[in-house]
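Visitor: here is the input, now give the coordinates:
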Amino acid sequence: MGGNVGKFQTIHPEAGKQGTNIDAAKYEAMKAALLTVVPADDAGFPFQDLADAVRPHLPDELFANASISWYVVTVKLDLEARGLIERVPSARPQRLRRVT
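Guide: Model (predicted):
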């Protein structure tokens, strides 16, 4: 295993696109924050507001020097691919909701 200790391989919802190998602790923290912030109701939550909304739910020691926006996008795509969240159909700008 070597270099992959503490890493998590994300997956991408689009066929043919590769996920990213990221820090497992940051993945778990961001996943928990996103699932806390994104509601299960039909209205969903605006994608552009996610970074600000998850910030209070993230441990400072993990994300002090990290790009929260990058982790939001990476983990959001992974959660979409795993069927935990989805884009609200026809919503512009993009909105997300939890899959129940």
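Visitor: where does pLDDT dip in the chain?
Guide: Within the chain, the segments meeting pLDDT under 70 span 1-4.
Visitor: try 80
Guide: Within the chain, the stretches with pLDDT under 80 are 1-5.
Visitor: show me where this structure has helices.
Guide: With DSSP state H, the ranges of helices along the chain come out as 24-37, 50-54, 60-63, 68-81.
Visitor: can you tell which of these is closest to residue 43?
Guide: Nearest to residue 43, of all these, is helix 24-37, at 13.4 Å by CB to CB. C-beta: built from backbone N, CA, C; applies to glycine.
Visitor: pull out the buried positions in that closest one.
Guide: Neighbour-count burial for helix 24-37, counted by 16 or more other CB atoms under 10 Å, picks out 26-27, 29-31, 33-35, 37.
Visitor: got it, and stretch 5-14?
Guide: So stretch 5-14, judged by 16+ other CB under 10 Å, has buried residues 8, 10, 13.
Visitor: thinking again about what came up before, could you dump the helices of the chain into JSON lines and include distance to residue 43?
Guide: Shown next, in JSON lines, are the helices of the chain (distance: least, CB to CB, whole Å):
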{"stretch": "helix 24-37", "distance to residue 43": "13"}
{"stretch": "helix 50-54", "distance to residue 43": "14"}
{"stretch": "helix 60-63", "distance to residue 43": "27"}
{"stretch": "helix 68-81", "distance to residue 43": "17"}
